[in-house]
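Q: Build me a structure from this.
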Amino acid sequence: MIDLFKQVNLLYVEDDINIRPIFERFLKRKVKNLFVAQDGLEGYEMFMELKPDLILTDIKMPKMNGIEMARKIRETDKNIPIIVLSAHSESDFFVEAIEAGVSGYLMKPIDKNKLFTALERNIKVALFEKNRKEQDELLQDVIDMQPSIVFLGNTDRSMLFANKVFLEFFDLDFDLNDMANDKNLMYEELKKKNNVILKDINEDVFWLDYIFEGRNDSFVIQIKNDEELTNFLVKTKHIEKHSSDDEFTIIITLIQMT
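A: Residues are numbered from 1 along each chain as shown. Now for the predicted structure:
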């Protein structure tokens, strides 16, 4: 049987010099790699440098407490599981912890069985997210190989992937992480540029809205770059989601016309 614990890197953040060595020994035997920080600021810096799969943290700590650290981490990573350890006297932090996006909340003194259960549950989430990221990176590599301008979006105006040709042509300084953290970011930036004309279509509508509304699977647009107009044939492919009747994933390909 595969040991899930041995597949993850855990960041443990605790300032108590009496508690920290005890749990450090326990956790080190369980996980693939254990990183230990002594306060929230060090924990945040280690997260940014080492990119662990999940985080276990105390709340009350010097320099930056556990809630503040969780908020900072959530600015960069919306999905990493964060389990908070709290003393009974710190129960007022519970609502703040939930609002900061923590994944679990354990009261001190910590029962090792409850900690083990919470870790196991969140490790499954972490491994799912890790696998999803690997699949996303593979898909990104595949669409980057395409010579045409290619991107994927949803009917909720979220943009999932775009190849390098697309980003370079529209002069967008994004990467996969940017799009993962804010799926509407690219849509909004393209709308600001306002440099695309729907050719032969007498409608005052943003070209991406025209695609997302699914009114045509093939049409021509003109893109203005450096005062030069270039014609592109837009080919779209709508893929219905099994989980929803009114949402689609759309593959959009722009082929330059000569």
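
Q: top helix in the protein by residue count?
A: Identified as the longest helix of the chain according to DSSP state H is helix 112-144.

Q: Off-centre distance for the helix or strand just after that one?
A: Downstream of helix 112-144, the first helix or strand assigned by DSSP states H and E is strand 149-154. Relative to the chain's own centre, strand 149-154 is displaced by 17 Å; criterion: Cα atoms, centre = their mean, to the nearest Å.

Q: can you offset everything so residue one is 17?
A: Noted, 17 is the first residue going forward, which turns the last one into strand 165-170.

Q: same for strand 165-170, what does it pack against?
A: Counting contacts by 3 or more Cβ pairs under 8 Å, 6 or more residues apart in numbering; DSSP states H and E, strand 165-170 is packed against helix 128-160, strand 175-178, helix 180-185, helix 223-228, strand 264-272. Glycine gets a C-beta too; all of them are placed from N, C-alpha and C.

Q: now the longest helix of the chain and strand 165-170, what's the angle there?
A: For helix 128-160 against strand 165-170, the angle by axes from the mean of the first three to the mean of the last three Cα atoms, to 10 degrees is 140 degrees.

Q: Buried ones in helix 128-160, by neighbour count?
A: Residues of helix 128-160 classed as buried by neighbour count (16 or more other Cβ atoms under 10 Å): 131, 134-135, 138-139, 141-143, 145-146, 152, 156, 159.

Q: So which of those residues is the closest to residue 189?
A: Residue 189 lies nearest to residue 156 out of these, by Cβ to Cβ, at 15.9 Å.

Q: shaky segments in the stretch 67-216 of the chain?
A: Within the stretch 67-216 of the chain, the segments meeting pLDDT under 70 span 104-107, 192, 196.

Q: Checking my notes, residue 64 in a strand, right?
A: No: applying DSSP: H, G, I helix; E, B strand; the rest coil, one finds residue 64 to be helix, outside a strand.

Q: Switch the helices and strands packed on strand 165-170 over to JSON lines; also include distance to residue 75.
A: Formatted as JSON lines, these follow (distance: least, Cβ to Cβ, whole Å):
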{"stretch": "helix 128-160", "distance to residue 75": "15"}
{"stretch": "strand 175-178", "distance to residue 75": "36"}
{"stretch": "helix 180-185", "distance to residue 75": "40"}
{"stretch": "helix 223-228", "distance to residue 75": "43"}
{"stretch": "strand 264-272", "distance to residue 75": "40"}
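
Q: among those, which is nearest residue 26?
A: Here helix 128-160 is closest among those (Cβ to Cβ), at 7.8 Å.

Q: between the closest one and strand 264-272, how big is the angle?
A: Using the same axes, to 10 degrees: helix 128-160 against strand 264-272 is 30 degrees.
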